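S.K.: coords please:
(one chain, ligands or ions: 1)
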Amino acid sequence: MKLKRITPLIFCFCLTILSGCTKKSDTADSEMDRFIDDLLSRMTLDEKIGQTVLYTSGYDVITGPTVDPDYKEYLKKGMVGGIFNAVGADYTRSLQKIAVEETRLGIPLIFGYDVIHGQRTIFPIPLAESCSWDLEAMERSAKIAASEATAEGVNWIYAPMVDISRDPRWGRVAEGAGEDVYLGSLIAAARVKGFQGNSLKDKNTVVACVKHYAAYGATMAGRDYNTVDMSLNELWNTYLPPFKAALDAGCGTIMTSFNDLNGIPATGNNYLLKEILRDRWNFNGFVVTDYTSINEMIPHGYAKDEKHSAEIAMNAGVNMDMQGGVYMNHLKTLVEEGKVSEKEITEAARAILRIKYKLGLFEDPYRYCDTDREKTDILTVENKEAARDIARKSMVLLKNDNQTLPLKEDKRIALIGPLAKDQYEILGCWSAMGNRDTIPVSVYEGLVDAIGENRISYAKGCDIQSEDTKGFNEAVKMASAADVVVMVMGEYHNMSGENNSRTDLSLPGVQLDLLKAIKKTGKPIVLVLMNGRPLTINWEKENMDAILEAWFPGTMGGAAIADVLTGKYNPSGKLTMTFPQRVGQIPLFYNHKNTGRPFDPNDPQFAYGSKYWDVSNDPLYPFGHGLSYTTFSYSDLTLSSKEITSTNPLKISIKLTNTGKYDGEEVVQLYTRDLVGSITRPVKELKGFKKVFLKAGESQNIEFTLTVDDLRFYNANLKYDYEPGDFHLFVGGSSDTKIKTGFVLE
Ligand code: BGC
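M.R.: Reported below is the predicted structural model:
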């Protein structure tokens, strides 16, 4: 390293020695600030602009990493601050070496990657994980993802995705935590903690990037990248809180979204990026665009050309340009023309340099390029066990008539369906470096491993999506010869995820026809679903004996499914997204408003209640629904008082009893309804939950504490406050619980 590059380090070291009595974190912050001030004072405008530029290096599964030769030239000139999609300890080291040894100031690069649900050990898709309602498990899965990613050179992860998702047509619901703001906020924080750990400097932690800011989940008609137009109340009460929760948990970076919001693209949105993020929330990390979303302000009709889009984005508070090239190409001219101030660019560079500093890159730019860790820390036995554990926790038992599950010993099983032997789709969308060919455990393999080959026969029956019914006969024959049929069906992994929206949410192709043909055999049927979104499975609900929603369960998916089917694990997942009966009901979610004409099915005279001609307002399966092999009963709901005040929180207690034959876990859910508000309030809102394990026959009093702070919301003036009045309170094992009482907020 040349002397000119280490000057700041020596400076920083001296400061460390000179300082002594201030608090450790203050000292660390001021050391960092001085280091960065010094560095910035020596940077040219071009070098500052360089920090704001992020480019992709492709990764080809066959040929490995690829980088556009031009980028290497840009790198040498200090024109690039970060690279994404570069994976591999050696490869990232080679790029880092250029930045550190060949540029004037030797500022290290940051390496980003979409590690959405695991790096090599692939965990269930995030929507699935959210159904575990197990924050610790989600934190652990994020921690393992970070550990594996850092073993391959990555130090910046584009997750968690925290977009509230109420529209299952939108493919990206698979990447998030479902429809609820309270649960979604807790999950956002848990994932950030898992990724970032106690210190960004640790070798096995990364800086997280919460996305997509903001309101992307409300994209019109569920079509990706589409317009979002919503009230500020809805924005503040529903869509922003998970971002706030992620940032409060220390998330270092945030990504803008592709959509426009109330007429202004999120990437050029001063209100979102400056007023809310910097002024109200005091965010001091950095803001990166989504992929070329600066340039997309042109087709949005908000910028007239790329130069104009660069001007809008930088002035709105976007610090880093992902792949758009517009900061690289236009910022300097914009400064010369007085359209963007150099100060704005200095602050953008500062925000980025702070994160690099916190990652420890100035101390050791190669700390994440460790070929030893790359050999030892990925796909370990422990990581795979953790993936298996969370996969089974994520599955939701939607139906189980006549105790069809768990599968009885000594019964012959016909395992049928396009996903029964699959190792490819099972990883789900966006599975980073997950190997889809040989490593994942299929359902067939998992079951054989659990109960041996003798009792299992297999037929594919049909494809996921084709009109071909040639395999039906063999499948029907096999089902007829068995005692019970397990059908494994669902979607292709890429029917969900980015730009994979659907308008028909039924099982694709001829899968339903195959189910109908098998039904005629009269054998009990268990349907195991792998899919990235809620589906409209009406016939299936009516006609299957059991339905297990396994989502896309990841590397250990087949083993985890076998654990559940055989009863080695008693399912405990609960839906975090409503299943609609029909696409026409969408958006359908549990915490909707009541309307002025709520439909009452018990009052058929009320012809002008809010309803449809052809379908009830009910969901197929509500938010919070999920069965167990055992049963639970609720009794003795008591409140410590009929009133809640700012000094007297409410203590809520309910007795939960495991009334069935199996030990098992229940997610006890607490909801409230604010009956009259200065703005209209939802019919129910989740305010707490506890996941409780009870042995068969055991009872436990479950307690919650509710404070007035839990009852705050953003009112018409966007003041976050609570209002006196009457409330309903509900407790139970699903959002449609009828166990209800009330209290008054004084
Ligand atoms: C997606 C982001 C992702 C980015 C980088 C975009 O297309 O919307 O979620 O992080 O690409 O790969």
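
S.K.: go through stretch 732-746 and flag the buried ones.
M.R.: By neighbour count on 16 or more other CB atoms under 10 Å, the buried set for stretch 732-746 is 732, 733, 734, 735, 736, 737, 743, 745. All C-beta atoms are positioned from the backbone trio N, CA, C, and that covers glycine.

S.K.: closest to residue 385 out of those?
M.R.: residue 733 (28.2 Å; CB to CB).

S.K.: contacts with the ligand among the buried residues of stretch 732-746, please.
M.R.: Among the buried residues of stretch 732-746, no residue sits close to the ligand (CB under 6 Å from any ligand atom).

S.K.: how close does residue 373 sit to residue 93?
M.R.: Distance, residue 373 to residue 93, using CB to CB, to the nearest Å: 12 Å.

S.K.: same question for residue 738.
M.R.: Taking CB to CB as the criterion, residue 738 is separated from residue 93 by 60 Å.

S.K.: quick one, phi psi at the nearest residue to residue 155 once chain neighbours are set aside?
M.R.: Leaving aside its chain neighbours, residue 155 sits nearest to residue 368 (4.8 Å; criterion: CB to CB, 6 or more residues apart in numbering). Torsion angles at residue 368 (phi, psi; degrees, to the nearest 10) stand at phi -100, psi 10.

S.K.: just use 447 as the starting number from now, easier for me
M.R.: New numbering, starting at 447: the last item is residue 814.

S.K.: need the contact list for the closest residue to the ligand within the stretch 747-896 of the chain.
M.R.: Across the stretch 747-896 of the chain, the shortest distance to the ligand (CB to the nearest ligand atom) belongs to residue 768, at 6.6 Å. Contact criterion CB atoms under 8 Å, 6 or more residues apart in numbering gives 500, 530, 701, 734, 735, 736, 737, 738, 739 as the residues in contact with residue 768.

S.K.: again, only this time at 10 Å
M.R.: Listed by CB atoms under 10 Å, 6 or more residues apart in numbering, the contact set of residue 768 reads 499-502, 528, 530, 558, 604, 701-702, 713, 734-740.

S.K.: and for residue 657?
M.R.: Under the criterion of CB under 10 Å, 6+ apart, the neighbours of residue 657 are 560, 604-609, 621-622, 689, 692, 699-703, 734, 736.

S.K.: out of those, which touch the ligand?
M.R.: With CB under 6 Å from any ligand atom as the criterion, the members of the contacts of residue 657 in contact with the ligand are 560, 604, 736.

S.K.: nearest to the ligand, of those residues?
M.R.: The shortest distance between the ligand and any of these, using CB to the nearest ligand atom, involves residue 604 and amounts to 3.6 Å.

S.K.: in this structure the closest one contacts residue 557, no?
M.R.: No - using CB atoms under 10 Å, residue 604 and residue 557 do not qualify as a contacting pair, with a distance of 11.5 Å.

S.K.: just give me the neighbour total for residue 678.
M.R.: Applying the criterion other CB atoms under 10 Å, we find 14 residues in the vicinity of residue 678.

S.K.: against the ligand, how distant is the nearest residue to it once chain neighbours are set aside?
M.R.: The shortest distance from residue 678 to any residue that is not its chain neighbour, by CB to CB, 6+ apart, is 6.2 Å, and that residue is residue 1164. For residue 1164, the distance to the ligand under the criterion CB to the nearest ligand atom, to the nearest Å works out to 28 Å.

S.K.: check which helix or strand residue 1164 maps to.
M.R.: Secondary structure assignment for residue 1164, by DSSP states H and E: no helix or strand.

S.K.: list the residues that contact it.
M.R.: For residue 1164, the contacting residues are 678, 679, 681, 682, 683, 726, by CB under 10 Å, 6+ apart.

S.K.: buried among those residues? Make that a ChimeraX selection.
M.R.: For selection in ChimeraX, the members of those meeting the burial criterion (16+ other CB under 10 Å) are listed in this command:
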select :681,682,683
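
S.K.: select from the contacts of residue 1164 every entry located in helices.
M.R.: Residues from the contacts of residue 1164 lying in helices, with DSSP state H as the criterion: 678, 679.

S.K.: list the residues that contact the residue in the stretch 897-1046 of the chain that the ligand sits nearest to.
M.R.: Of all residues in the stretch 897-1046 of the chain, residue 944 sits closest to the ligand, with a separation of 5.4 Å (CB to the nearest ligand atom). For residue 944, the set of contacting residues under the criterion of CB under 10 Å, 6+ apart consists of 560, 617, 618, 620, 621, 670, 671, 704, 736, 737, 875, 876.

S.K.: just read off the phi/psi values of the nearest residue to the fifth one once chain neighbours are set aside.
M.R.: Put plainly, it is residue 621. Leaving aside its chain neighbours, residue 621 sits nearest to residue 607 (4.3 Å; criterion: CB to CB, 6+ apart). Residue 607 has phi and psi values of phi -90, psi 120 when expressed as degrees, to the nearest 10.

S.K.: tally of neighbours for residue 1152?
M.R.: Residue 1152 has 22 neighbours, counted by other CB under 10 Å.

S.K.: how close does the closest residue to it other than its chain neighbours get to residue 1036?
M.R.: Distances taken as CB to CB, 6+ apart put residue 1096 closest to residue 1152, at 4.4 Å, once the chain neighbours are dropped. Summarising the geometry, the distance separating residue 1096 from residue 1036, computed by CB to CB, is 22 Å.

S.K.: next to the ligand, which bits of the stretch 597-746 of the chain? Give me the list.
M.R.: That would be 604, 657, 736, 737, which are the residues of the stretch 597-746 of the chain within reach of the ligand (CB under 6 Å from any ligand atom).

S.K.: what's near enough to touch the residue nearest to residue 894 when sequence neighbours are not counted?
M.R.: Once its chain neighbours are removed from consideration, residue 894 has its nearest residue in residue 902; the separation is 6.2 Å (CB to CB, 6+ apart). Applying CB under 10 Å, 6+ apart, one finds that residue 902 lies in contact with 858, 859, 860, 861, 866, 890, 893, 894, 896, 928, 932.

S.K.: rerun that using 7 Å as the cut-off
M.R.: Remark: with contacts taken as CB atoms under 7 Å, 6 or more residues apart in numbering, residue 902 is in contact with 859, 861, 893, 894.

S.K.: narrow those to those that are buried.
M.R.: Burial of the contacts of residue 902 was assessed by neighbour count (16+ other CB under 10 Å); the buried members are 859, 861, 893, 894.

S.K.: dump these to a markdown table, plus pLDDT.
M.R.: Compiled in a markdown table, the buried ones among the contacts of residue 902 are given as follows (pLDDT from 0 to 100):
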| residue | pLDDT |
| --- | --- |
| 859 | 98 |
| 861 | 98 |
| 893 | 98 |
| 894 | 98 |
